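Engineer: predicted coordinates and the sequence they were generated for:
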Amino acid sequence: MLQHLITQDADLRMVPRDRDELATAVGRLHEELRALAEETDPARTRVLARWIGIGQMCLGNHEEARTFLRQSLDLASAIGNTPAVVATGLNLGDAHRYAGDVQTADALYRSALNAARSRHPELLDFALQHTGKHLMERGDLADAQAHLQEALRLRITKGDAELVESTQAALARVEMLIGQADASAAGSAAPSQWSSQ
């Protein structure tokens with residue numbers, strides 16, 4: 001719905017390709033949502049709320065993003081759309097992560113990952129990717145690498161080149177961070193010439 005208006009920045013976070021164009025598109029979704037009675041079409045309301053939330057997150061409007069994503073998640077749960085519960089839970093985790101709320105993000109990612117593992121293996125690569133990026137930002141590089149390697153294996157099997165490329169980029173970033181951490185640890189472990197005097 002808005003995918004063509006979103007890209008990733010150097011930190012692998014979703015950002016607008018063109019801020020004004022994304023803001024305009026989110027505004028159109030708001031108009032459609034306002035015109036739609038939730039009771040008449042909860043499935044469409046859920047989709048609109050999800051994409052408004054994703055758009056707002058990309059625009060940096062974290063509070064609004066969380067509100068709409070929570071609405072979408074609640075609707076997905078109420079109508080029994082468990083794949084949407086997993087996907088929207090990951091999006092809501094992203095919104096909390098982008099806003100700096102690591103604890104809530106962690107709980108949302110773990111819940112979505114557990115649900116994907118147990119009930120929706122077709123979404124497992126997405127859950128692993130989002131969780132891996134979260135772990136990377138937290139500095140848990142070994143776990144991030146393991147999650148992303150598993151996501152890559154699944155995505156290679158799916159045969160989706162774009163998804164494979166996305167995971168490879170995340171893995172490359174984790175490996176770079178691991179290399180930096182190793183170099184930093186080696187540098188701080190080297191004896192100083194002044195310490196023996």
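Structural biologist: Perfect, thanks for sending it. The structure displayed is predicted, hence computed values, not measured ones.

Engineer: show me where this structure has helices.
Structural biologist: Ranges of helices within the chain are 19-35, 42-58, 62-78, 82-98, 102-119, 124-138, 141-158, 161-189, based on DSSP state H.

Engineer: so which of those helices is nearest residue 13?
Structural biologist: helix 82-98 (6.4 Å; CB to CB). Every residue, glycine included, has its C-beta placed from N, CA and C.

Engineer: rounded mean pLDDT for that closest one, please.
Structural biologist: Helix 82-98 carries an average pLDDT of 97.

Engineer: coming back round to it: mean neighbour count added to the helices of the chain, as CSV?
Structural biologist: Output for the helices of the chain, formatted as CSV (neighbours: other CB atoms under 10 Å):
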stretch, mean neighbour count
helix 19-35, 14
helix 42-58, 23
helix 62-78, 20
helix 82-98, 23
helix 102-119, 18
helix 124-138, 23
helix 141-158, 18
helix 161-189, 14
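
Engineer: of all the ones you listed, which lies closest to residue 9?
Structural biologist: helix 42-58 (10.0 Å).

Engineer: now tell me what touches that closest one from outside.
Structural biologist: For helix 42-58, contacts defined as CB atoms under 8 Å, 6 or more residues apart in numbering pick out 1-2, 5-6, 14-16, 22-23, 25-26, 29-30, 32-33, 36, 38, 62, 64-69, 71-72, 75-76, 78-79, 81, 84, 87-88, 91-92, 94-95, 98.

Engineer: measure residue 106 to residue 98 for me?
Structural biologist: Using CB to CB, to the nearest Å, residue 106 is found at 14 Å from residue 98.

Engineer: what sits against the residue lying closest to residue 63 once chain neighbours are set aside?
Structural biologist: The spatially closest residue to residue 63, leaving aside those adjacent along the chain, is residue 99, at 7.7 Å (CB to CB, 6 or more residues apart in numbering). Applying CB under 8 Å, 6+ apart, we find residue 99 in contact with 62-63, 65-66.

Engineer: and the furthest pair within these?
Structural biologist: Of all pairs drawn from these, the greatest distance, 7.2 Å, lies between 63 and 65 (CB to CB).

Engineer: so where is the protein shaky, pLDDT-wise?
Structural biologist: 38-39, 188-197 (pLDDT under 70).

Engineer: change it to 50
Structural biologist: Judged by pLDDT under 50, the chain has its weakly predicted residues at 193-197.

Engineer: got phi/psi on residue 100?
Structural biologist: Main-chain dihedrals, residue 100, degrees, to the nearest 10: phi 90, psi 10.
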